[in-house]
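A.B. asks: Here's my sequence, what's the structure:
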Amino acid sequence: MSRVLIVGAGLTGSLCACLLRREMRNKVQISVWDKARGPGGRMSTTRPPDASSHSADLGAQYITATPAYAQAHHSLYSELLSAGVLQPLDALLEGLKQKEDSKNYVTPLGMNSVVKHFLSESGADLFFERHVIGLYCRGASWEVERMAGGSETFDAVVLTMPVPQILELQGDLRRLLSVQQKQQLDQVVYSSRFAVALFFSPDVALSFPWAARYVSDNPCIRYIAVDARKRNIDIPGCGPSLVVHTSVPFGLQHLEQDKEDIQPIVLHELHRLIPGLPQPNSIKCHKWRYSQVLTSVPDCPGHMTVLDRPLLVCGGDAFSHSNFDGCVESALSMLRVLKACL
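C.D. replies: Presented below is the predicted three-dimensional model:
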């Protein structure tokens, strides 16, 4: 039985684990490691400290399917809709610009429920707060080193974290990359932004009509959403949550500042946009250093194979494009490589 390690419990990693289990059944032992405390990656859903408010999506907000991808990935969309993980978006998103023939979907339980679904289907051994810092080629296997100390050996390793984090790994990876591969990886560019979630008490009612709003005339804020309204859910006894995303230029300008310094700036601008906003019970601010891929790896079909034996393959939206279907395309392409090698 081959031991496969997937590094990263985001959408690409979780779907890759799920598809690999379905294709190879009991022929593989799958482990998924992530340095965070829970699954989701950039499909992150956070909860208030006292559970008195709705949860809030700090990363991806909804899924947009073009007609071509709705057809190409029909089985996955159908699976998620049948399981109740996805449902059509049926709320006012003020300022949204998109093609008329595209469809939007939301997640009643939060965006990380998509990742949780695929991880559950994968039957993988899940380990969180496992930060990979080194990869060492040991004959027919990989020794994977953790920041907390210790290492484990695997027959194949799949890396799905952002490209800059891949390039920071110690050990044999950079030595094994060809000159062309290094040049390709160096071309990847990400946008950066801050996200702030405000959690309100159950007696608070937010009176504005929209579920989400795109802001075009503010130097700091680009997007605001009432999460429960966006998801079309109402949990009795739960107060509303409000999610704010900064613009890409603002994120780039303040990238090296601590989120604690940025939170007051975002809140000040929010109160200018929504005067009289009630006082929240709690606030959470998050810095997305790697938010969306602006420039992906050129000439890569969803993945990059660094070594065939033992297999080391890199994937994620940086190797396709930065949305749900881009992650699906990457997972499918890595699945073909894994099947061929294992």
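A.B. asks: Identify each buried residue in stretch 196-204, please.
C.D. replies: 196-201, 204 (16 or more other Cβ atoms under 10 Å). C-beta here means a position set from N, CA and C on the backbone, and glycine is covered the same way.
A.B. asks: repeat for stretch 75-85
C.D. replies: Of all the residues in stretch 75-85, those buried under the rule 16+ other Cβ under 10 Å are 76-77, 79-80, 85.
A.B. asks: Over to stretch 146-163?
C.D. replies: Within stretch 146-163, the residues scored as buried using 16+ other Cβ under 10 Å are 146, 152, 154-163.
A.B. asks: Stretch 226-240 now?
C.D. replies: 226-231, 233, 238-240.
A.B. asks: Isn't I283 up against S241?
C.D. replies: No - judged on Cβ atoms under 8 Å, I283 makes no contact with S241 at a distance of 10.4 Å.
A.B. asks: Can you give me the domain boundaries for this structure?
C.D. replies: What automatic domain parsing lists as the domains of the chain is 1-35+129-187+296-342, 190-293.
A.B. asks: Averaged pLDDT, the last one. What do you get?
C.D. replies: Averaging pLDDT along domain 190-293 yields 96.
A.B. asks: Off-centre distance for that domain?
C.D. replies: Its chain's C-alpha centre lies 18 Å from the corresponding centre of domain 190-293 when counted by Cα atoms, centre = their mean, to the nearest Å.
A.B. asks: Can you give me the end-to-end span of that domain?
C.D. replies: Using Cα to Cα, to the nearest Å, the end-to-end distance of domain 190-293 comes out at 4 Å.
A.B. asks: since we're on G134, how many residues are nearby?
C.D. replies: Using other Cβ atoms under 10 Å, G134 has 15 neighbouring residues.
A.B. asks: again, but for Q170
C.D. replies: 12.
A.B. asks: I'd assumed V132 was in contact with it.
C.D. replies: No - between Q170 and V132 there is no contact under Cβ under 8 Å: 9.7 Å.
A.B. asks: mind listing the strands for the stretch 51-200 of the chain?
C.D. replies: 56-57, 63-65, 87-88, 93-94, 103-106, 125-128, 132-138, 141-146, 151-154, 156-159, 170-171, 189-190, 193-199 (DSSP state E, counting those that start in this stretch).
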